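> Mind looking at a prediction? Sequence and model below.
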Amino acid sequence: MVFENSEESEAYLNARGKIVLNACPGSGKTTNIIRKLPLLEAECKNKYGNHAGIACLSFTNVAKDEILQKYRKVYGYNFRYPNLVSTIDSFINQYITLPYYSLLEGKFDRPNIIDEADTIDKLIATKFESKGIVYETIASPANRYKNKLGKPLYRSYEPSTIWIDARGNFSFKGKIPDPKNVDLDEFNKYALAVFEWKMKNGFITSLDSAYFALQLLNNYPQIGVWLVTRFPYIIIDEAQDNSEIQHAIFDKLLDLGLRNLELIGDPYQSLYEWRDAKPQLFANKFTNVSWTGLLLTDNRRSVQRIINFFSLIRCPNDARINSLQVENKDLPIFIYKYTEDNVKLIVSDFENRCREFNFSENHIVVRGKKLLRKIIGEGSEIAPWKGDFPYSILLIKHLYDVNSIKEAINELRKLFLKILHPEMKYGEMQQLIRMVKEDVLINAKLYEYLSKIPPTNQSLITWSNKCIQSLYDHFDIDVTELFIFKKLIKGYKMADLKNELVDTFFNKPASSSKNIPVTTIHKIKGATLDAILYFLDETGTGESVGLNSFVRSTSFPNEKQRMIYVACSRPKQLLAIGVPHKTTEKELKTKFGGEIEIITL
């Protein structure tokens, strides 16, 4: 493979030491990493021998897999031992927390690291009976602490939302609770009780694991010295999403002798504040005199018109992003004015435009999971079944329909094993899931069933019965008890409701052909697409992202602005934005400039 040279790329390839590479969207940062890895590999072998290697880390499994696949495609062989490509969480777990966890208070059993944090809420939950009444609560003593109104703290601050920072301070999703609502001393006692329960029972989150890893490095520096010897070169991709504790861990490794650390990313594309991401720390290191700050500003993905549009979010003094060698089909930015009644017309118009230009990689994008849940059944205006099982099948059906096959199989595997082993403990279930994941025959059977999930264009009762039958025929399991309907739903006659089509309430695709996935910004982060239709929310309050967030930043942009930036920087040719119908043409042209076409349907 022949790589193009540029002054910016050459500067990065030649840089060593403490590097911060600020790479704009579409700049080919992964390609540059792939170019540099063989150079570092040869250098590492000459300097440190055959048993030292490069640790190339990323924030997500998707990004990690992309590096591995591109490396194999370019060079024809795997990036292998003594080198490592991993997620940053897995690296911290595998090389620091898990092997040395026994040094923490003499605990010799390895903990279970919970990827789905809300699982903590289920594990700590318990019940007790008093005077014939069963009450739901959480394990003592965490259930004893109350807010200023006398209500239990765990109802307002779920155990999964209790975080610990690098200094051992507790917070609620990274923020200190409002003292008007809760006494902070009471909150800290509650948070400590939750934390101690997790340690005692061996269930910790990745955030907890990072905290333990930092304590281990501080208390037993020889761990870090060994790690630096094993991996004298560390590259962290998507480093804008590192948490404060993760930054502290790698800063500590620098103190313990690490000489080559690269942080690569774009602080404007940080979307994981809910995981305690601190993009400002990345930005601060870029300007720190003890680090070498480098830029990639050539965008090989999008036409200049789209770049100019998402650059409205950037600070005025930021380096200009330039489109490089991208075919220009000269399409304007389409602005759709939506109402409650015309969304399907907008989607249809968008599909027609994609079809006209033979665009195949197209997405409809929303801020969060609210729209997705409505499409797949969660959050529907009704919930006709008593248990969660039918909704899980609807989710799997939706994932299959939008060609998210890997995710569909993962969900089906977990569901299938939970049916077979309903009483299995969490840790044992996670081990079983990992083991079964490698079983080719089981995976083939799961894949085969995806196409057998009954279509949703039939009545609720018919669909339920066909699901029961198909699961029995394919897996030889009886799930009749899992499809029991509720006896009463306010505003409906159950006999009539059961005869309504599933599509009336669930799996209602925004795209009539189902060829255009409806997805979230987090799902398309890092993707290159032909076209995107991005709906801005009507209000912009709370967690929603509205038109009011689409403003140029005078300081570092907030997370809502970064959401817009990421969504609008994905397409190569066609960018369409849905805005509330009440927005005037004057407002739109003042905000977006003249390179837009406003469409009212």
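That came through, no problem.
> And stretch 517-527, what's buried?
The neighbour-count check on stretch 517-527 (16 or more other CB atoms under 10 Å) flags 517-521, 523-526 as buried. For glycine as for every other residue, the C-beta is placed from the backbone atoms N, C-alpha and C.
> Of all pairs in those, which one is the farthest apart?
Pairwise distances across the buried residues of stretch 517-527 peak at 18.4 Å for 518 and 526 (criterion: CB to CB).
> Going toward the C-terminus from the helix or strand bottoming out on mean pLDDT in the chain, what's the next helix or strand?
Lowest by mean pLDDT, DSSP states H and E among the helices and strands of the chain is helix 370-376, with a mean of 48. The C-terminal neighbour of helix 370-376 among helices and strands, as given by DSSP states H and E, is helix 389-401.
> For that following helix, give the mean pLDDT please.
On average, the pLDDT along helix 389-401 is 86.
> buried ones in the helix or strand following it?
Later in the chain than helix 389-401, the nearest helix or strand by DSSP H and E is helix 405-420. For helix 405-420, a neighbour-count test (16+ other CB under 10 Å) marks 408-417 as buried.
> between helix 405-420 and helix 389-401, what angle do the directions make?
In terms of direction (axes from the mean of the first three to the mean of the last three CA atoms, to 10 degrees), helix 405-420 departs from helix 389-401 by 160 degrees.
> Next, the residues that contact the next helix-or-strand element following helix 405-420 from outside, please.
As assigned by DSSP H and E, the chain's next helix or strand after helix 405-420 is helix 426-437. When contacts are defined by CB atoms under 8 Å, 6 or more residues apart in numbering, helix 426-437 is touched by residues 112, 114, 119, 123, 202-203, 413-414, 417-418, 421, 424, 442-443.
> Rounded mean pLDDT for helix 426-437, please.
Rounded mean pLDDT across helix 426-437 is 79.
> Just confirm residue 472 is within a helix.
Yes: Residue 472 sits within a helix when classified using DSSP: H, G, I helix; E, B strand; the rest coil.
> If you tally nearby residues, what's the number for it?
Residue 472: 13 surrounding residues under other CB atoms under 10 Å.
> same thing with the one 3 residues further on?
Neighbour count for residue 475, taken as other CB under 10 Å: 15.
> correct me, but it touches residue 417?
No: with contacts counted by CB atoms under 8 Å, residue 475 stays clear of residue 417, the gap being 11.2 Å.
> who touches both of these two?
Common neighbours of residue 475 and residue 417 (CB under 8 Å, 6+ apart) do not exist.
> any idea which element the residue lying closest to residue 145 once chain neighbours are set aside lies in?
Leaving out its chain neighbours, the residue that sits closest to residue 145 by CB to CB, 6 or more residues apart in numbering is residue 190, at 3.7 Å. Assigned by DSSP H and E, residue 190 falls within helix 184-201.
> about what we covered before: please narrow the buried residues of stretch 517-527 to those residing in strands.
518-520 (DSSP state E).
> which of those lies closest to residue 228?
Nearest to residue 228 among these, counting by CB to CB, is residue 520 at 37.8 Å.
> Dig out what that closest one forms beta bridges with.
Beta-bridge pairing of residue 520 under DSSP bridges involves residue 366.
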